[in-house]
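Trainee: Next comes the sequence, and after it the predicted model I'd like to discuss.
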Number of protein chains: 2
Amino acid sequence: MPVRYATPDASALHPVDGVRLGIAMAGIRKADRRDLLLVELAEGSSVAAVFTQNRFCAAPVTVSREHLAAGGIRGLVINTGCANAGTGEPGMVNARRMAAAAAAALGMPANAVLPFSTGVILEPLPIERIEAGLPAAAADLRSDNWHAAAHAIMTTDTVAKAASLQVEIGGACVTITGISKGAGMIKPNMATMLGYVCTDANVEPAVLQDMLARAADASFNSITVDGDTSTNDSLVLAATGCAAMPRITSAGSDAGRALYDAIERVCIELAQAIVRDGEGATKFISIVVVGGRDRDECRKVGYAIGHSPLVKTAFFASDPNLGRILAAIGYAGIGDLDVDRIRVHLDDVLVAEHGGRAASYREEDGARVMKQDEISIRIDLARGDATATVWTCDFSYDYVRINADYRS
Amino acid sequence: MPVRYATPDASALHPVDGVRLGIAMAGIRKADRRDLLLVELAEGSSVAAVFTQNRFCAAPVTVSREHLAAGGIRGLVINTGCANAGTGEPGMVNARRMAAAAAAALGMPANAVLPFSTGVILEPLPIERIEAGLPAAAADLRSDNWHAAAHAIMTTDTVAKAASLQVEIGGACVTITGISKGAGMIKPNMATMLGYVCTDANVEPAVLQDMLARAADASFNSITVDGDTSTNDSLVLAATGCAAMPRITSAGSDAGRALYDAIERVCIELAQAIVRDGEGATKFISIVVVGGRDRDECRKVGYAIGHSPLVKTAFFASDPNLGRILAAIGYAGIGDLDVDRIRVHLDDVLVAEHGGRAASYREEDGARVMKQDEISIRIDLARGDATATVWTCDFSYDYVRINADYRS
């Protein structure tokens, strides 16, 4: 059960002019399961993407990078059940075949499609099943298929993840709709496996790429479930340009800022949905680090806390064992940190200051906050003006169960 | 239940000439529990120590550093039940009081004693109970008390940890005996909480400190249970000089090398015992990284694997889900790693090469190795001559249970 998250109704996911989605059951790993998604983008769309920094990146990530560099992207194809990662040269051949087959189904050149895969690593991609399933996906192409598309990219997710909003930009109603998936192997480093956000806004490709990099940093690159950076993380932002608006040629213009804000909102909603549905999660935790010299050191502190199994199990137990948070701050790797200046709050409760427990702290106040299913930790490093936020979840028996059972 | 480890019999722990140990039940956190250890060292002993790099280091760590710098160390005092960490200025006062009380019980100056604490963080040290318990510990001082001493420093440990050996150096029989504790919050960075190794060898203090730094690097600094670096990690090496041998004034001499080898063996045995008794551990895993450009990058790879909750839960499940190991190698932070050159073995089974699963790999071979309770992973980075080994354990339901229950 995700922490305070439910998939939006299909009616709440606005179609994006210029985008059609088709779903099929290709039987890639299991029968009777939607496991193949095909996306068609209008001619002239701007497409931006960010990918995992994992050196063992999956074959489809490598192929998508190549195709994106060549430009003219008009389609996406995504399968679940097999990550096509750690598959060597045969994996590359299969990723190219997958893109080519999807392009054929969409009636466009092979390198106009970006391929994506998610699932088990180190197993060969059943490319024939994907090729066999693509005609059905193409026949299913519809602009109001976002809800089904969100379901088609799930693996260990317990709920489908989607977000949608409409904003007025330059007199036009602009739509932004996105889907994401992921629950474990989540510590994105550039993006997460997988996020797809589309808009009908009219934007220059370079401006779109800049917006995506910033939005990814503020959303998918600020979450962690287990600290494991996936081999397949990918986030795609496509802008079809179908909205009746002047083309955005600068991120700094009024229209550019308005569009960026909306894109960031959708990305944060999708990224937080992944944490809320983190494997075994019972709590959603926001770690807000302020007063750092730079954003990097704030993130170090945030991730040290967000990755600590001791902190995460204490949250699971609703135990205000707050010394574990101090220990994590202490080993975050800031060599000249003055711990006597740090202040730690748990929601509104001051927990620590002057290098120890706050005089005003009462165990029952800590216990009250720890019982909530949504908790904020605020750490003031008191040495600068930089800030960063990391979102994470707790660590429960179910995380072990899910990951000890996965594959079986 | 630890993985293939049992506390040596009391008779197997050789007394060290010049070292006496006394134990008491001080009721620091729980009644009827040995929780206080006093160690007396012969006059003229050389004492070396390494401490945690955690910026939130405990008050006793700070006081021990000060006393060690002043020289003339003749005693150690260790309590369990409270870490005296995250306790601010009152914690410093208590740590000094603890050292002074122990020194009084031993009849020596206050700054001749190093104080150590382990237990819950962020709670005040019950100094009166420690002061009240010290006379009983002093009355108990005996040279053959190592077995009881190993028990007196346990917290969440399920077995006491000790190691002892005798070697001939320069015609003299030299004894090295040590104890350690720790099961969770274990990712030492200089040393682990807590290790005490004594020898009757005759060694210059500077040589002893050099030996300790190297031995710590090869042992306690190469283990991880959960990636959490404690606030209290301390490793002490004392040499009483009581053995009938010429003083060792160089680590590079024959006698120096022989002593170092023996110290390293004892330290590795004590460090591995901590992993074998890691919280919830059912498997002992050696991660051997070879072919790196330098030791640092080998350790990065070793720790990325050793900290991955996904890898650790797969070991718990005996599931050869080896793609998780490749993913961890990939995100270890080596920017120019060529994954196509890496070879991964699970014991004698070649798992991955050429960027993917080895052609010769059979699932039943992987499954056979994964069922063992002691497993070796060998990663050849094929880009240099450096190596490093990291020892770790798996991640089970019991880790969550132990850490969700601790304190309650």
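Mentor: Received, thanks. Residues are numbered from 1 along each chain as shown, chains lettered A, B, ... in the order given.
Trainee: For A:C298, give me phi and psi.
Mentor: phi -60, psi -40 (degrees, to the nearest 10).
Trainee: pretty sure it is in contact with A:A386, am I right?
Mentor: Yes: applying Cβ atoms under 8 Å as the test, A:C298 and A:A386 come out as touching, 5.4 Å apart. The way it works is simple: take the backbone N, C-alpha and C, and place the C-beta from them, glycine included.
Trainee: Those two - which one has more neighbours?
Mentor: A:C298 (26 against 17; other Cβ atoms under 10 Å in any protein chain shown).
Trainee: residues touching that one, list them.
Mentor: Shown in contact with A:C298 (Cβ atoms under 8 Å, 6 or more residues apart in numbering or on different chains): A:V289, A:V290, A:G292, A:L381, A:A386, A:T387, A:A388.
Trainee: How about A:V207?
Mentor: Residues near A:V207 by Cβ under 8 Å, 6+ apart: A:I248, A:T249, A:S250, A:A251, A:G256.
Trainee: Got a ChimeraX select line for the buried ones in the residues you listed?
Mentor: The ChimeraX selection below is limited to those of these classed as buried (16 or more other Cβ atoms under 10 Å in any protein chain shown):
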select /A:248,251,256
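Trainee: Closest to A:V50 out of the contacts of A:V207?
Mentor: Lowest distance from A:V50 to the contacts of A:V207 (Cβ to Cβ) belongs to A:A251, with 15.7 Å.
Trainee: Backbone torsions only: list them for the residue of the stretch 201-350 of chain A found nearest chain B.
Mentor: Nearest residue of the stretch 201-350 of chain A to chain B: A:G323, at 2.5 Å (Cβ to the nearest Cβ). When read as degrees, to the nearest 10, the backbone of A:G323 gives phi -60, psi -30.
Trainee: my guess is it contacts B:I121, does it?
Mentor: Yes: between A:G323 and B:I121 there is a contact under Cβ under 8 Å: 2.5 Å.
Trainee: circling back: which of the contacts of A:C298 has the largest number of neighbours?
Mentor: Neighbour tally across these (other Cβ under 10 Å): the maximum, 27 neighbours, falls on A:V289.
Trainee: so where's chain A uncertain?
Mentor: A:189-192, A:406-408 (pLDDT under 70).
Trainee: need the longest helix for it.
Mentor: In chain A, taking DSSP state H as the definition, the longest helix is helix A:254-276.
Trainee: and that one, what does it pack onto?
Mentor: strand A:161-169, strand A:172-180, strand A:193-199, helix A:205-218, strand A:284-292, strand A:386-393 (3 or more Cβ pairs under 8 Å, 6 or more residues apart in numbering or on different chains; DSSP states H and E).
Trainee: export these to CSV and tack on distance to B:G302?
Mentor: Listed next are the helices and strands packed on helix A:254-276 as CSV, based on distance: least, Cβ to Cβ, whole Å:
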stretch, distance to B:G302
strand A:161-169, 34
strand A:172-180, 32
strand A:193-199, 25
helix A:205-218, 29
strand A:284-292, 27
strand A:386-393, 24
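Trainee: Just name the most buried of the ones you listed.
Mentor: Of all the helices and strands packed on helix A:254-276, strand A:193-199 carries the top mean neighbour count, a mean of 29, counting by mean count of other Cβ atoms under 10 Å in any protein chain shown.
Trainee: ok, it near chain B or not?
Mentor: No: residues of strand A:193-199 contacting chain B under Cβ under 8 Å from any Cβ of the partner chain: none, with a closest distance of 11.0 Å.
Trainee: what pairs with that strand, and is each one parallel or antiparallel?
Mentor: Using DSSP bridges, strand A:193-199 pairs in its sheet with strand A:172-180 (antiparallel), strand A:234-239 (parallel).
Trainee: Can you dump the C-alpha atoms of that strand in PDB for me?
Mentor: Taking C-alpha atoms only, strand A:193-199 is exported to PDB below (Å, rounded to 0.1, in the frame of the first residue of the first chain):
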ATOM      1  CA  MET A 193      13.400   4.300 -14.500                       C
ATOM      2  CA  LEU A 194      11.000   5.300 -15.900                       C
ATOM      3  CA  GLY A 195       9.300   8.700 -16.400                       C
ATOM      4  CA  TYR A 196       7.600  10.000 -19.500                       C
ATOM      5  CA  VAL A 197       6.200  13.500 -19.500                       C
ATOM      6  CA  CYS A 198       4.500  15.100 -22.500                       C
ATOM      7  CA  THR A 199       3.200  18.500 -23.200                       C
END
